[in-house]
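S.K.: Make a model of this:
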Amino acid sequence: MKHHETGAPDDETADGPDDVDHPRAPLDAHSAHRIALRYREWSLLDRGGRAGRLEADRRIEDSEEVSQRVLYDLDPLPLLDALVALGVETDDDGAFLDRVSTGAVEDVLNHRADLHQQIAARCRTDPRWSHAVRGASIDDELASRLPSPLPDLFPVPPPQVLGTGDRRRRNGRRPSLRQDRTGRRGGRTV
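M.R.: Numbering: from 1, shown residues only. Here you go, the predicted structure:
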């Protein structure tokens, strides 16, 4: 007898109708700020020593709430505004803003096309948003489809990335004879 096949991998259960995250109403500014503060506290613990990381593991729901809200709320921009503002205000050499950029902002850019215009508008009027978007990573094809000024905020990779060019001249140093493709006696070894 053949079992019903689902699209879920064998080690995970398929989501039922009760397991689906339904869109939630937008947060007010005060609630968004409280969530952003909890996320920053979790981030500080996660970057700390062993005891801090263990505590961060126990408080992982603070991180997961931000991820879920960014991906599934009808309007996650109040939360993103609070995270970006807090990231700029936080005096930690930009570590929290980097986490916000590579986490929440990157998720929105990669998975929420419905918000691209609003993020572009924020980047045009608020330099903090431009700074946060610069820290995100997206693929070149998506970057080319984003509204202005977003494509200009992502750096263009150099034509030759380290390690992809000439094998004998890595990092500007000459290889030793043992590393050279011709070997010690000048005969081809490869």
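
S.K.: Buried residues in the longest helix along the chain, which are they?
M.R.: Ordering each helix of the chain by length in residues (DSSP state H) puts helix 29-47 first. Buried residues in helix 29-47, defined by neighbour count with 16 or more other CB atoms under 10 Å: 32-33, 35-36, 38-40, 42-43, 45-46. The C-beta positions use only the backbone N, C-alpha and C, and glycine is treated the same way.

S.K.: Just the helices from this structure, written as ranges.
M.R.: Counting by DSSP H, the helices of the chain are 29-47, 50-58, 60-72, 77-89, 95-100, 106-111, 116-125, 127-134, 140-145, 150-153.

S.K.: need those helices in a markdown table with mean pLDDT, can you?
M.R.: Written out in a markdown table, the entries for the helices of the chain read as follows (pLDDT from 0 to 100):
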| stretch | mean pLDDT |
| --- | --- |
| helix 29-47 | 93 |
| helix 50-58 | 90 |
| helix 60-72 | 93 |
| helix 77-89 | 95 |
| helix 95-100 | 94 |
| helix 106-111 | 95 |
| helix 116-125 | 96 |
| helix 127-134 | 94 |
| helix 140-145 | 90 |
| helix 150-153 | 90 |
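
S.K.: one step back: and of the buried residues of helix 29-47, the nearest to residue 110?
M.R.: residue 39 (19.0 Å; CB to CB).

S.K.: residues in contact with the closest residue in space to that closest one that isn't next to it in sequence?
M.R.: In space, residue 39 comes closest to residue 66 once its chain neighbours are excluded; the distance is 4.9 Å by CB to CB, 6 or more residues apart in numbering. Contacts for residue 66 were tallied using CB atoms under 8 Å, 6 or more residues apart in numbering; they are 35-36, 39, 79, 83, 103-104.

S.K.: try it again with 7 Å
M.R.: When contacts are counted by CB atoms under 7 Å, 6 or more residues apart in numbering, residue 66 is found next to 35, 39, 79, 104.

S.K.: Tally up the residues packed near the closest residue to the last one other than its chain neighbours, please.
M.R.: Distance criterion CB to CB, 6+ apart; nearest residue to residue 104, sequence neighbours excluded, is residue 70 at 4.8 Å. Under the neighbour criterion other CB atoms under 10 Å, residue 70 is assigned a count of 22.

S.K.: Ok, the one 10 residues further on next?
M.R.: When neighbours are counted by other CB under 10 Å, residue 80 registers 27.

S.K.: how much space between it and residue 27?
M.R.: Using CB to CB, to the nearest Å, residue 80 is found at 10 Å from residue 27.

S.K.: Equivalent analysis for residue 98, please.
M.R.: Between residue 98 and residue 27 the distance, using CB to CB, works out to 23 Å.

S.K.: Compare those two and say which is more crowded by neighbours.
M.R.: Just comparing residue 98 and residue 27: by other CB under 10 Å the higher neighbour count belongs to residue 27, 21 against 16.

S.K.: Now do the same contact list for the closest residue to the more buried one other than its chain neighbours.
M.R.: Distance criterion CB to CB, 6+ apart; nearest residue to residue 27, sequence neighbours excluded, is residue 78 at 4.9 Å. Residues touching residue 78, when contacts are defined by CB under 7 Å, 6+ apart, comprise 26-29, 32.
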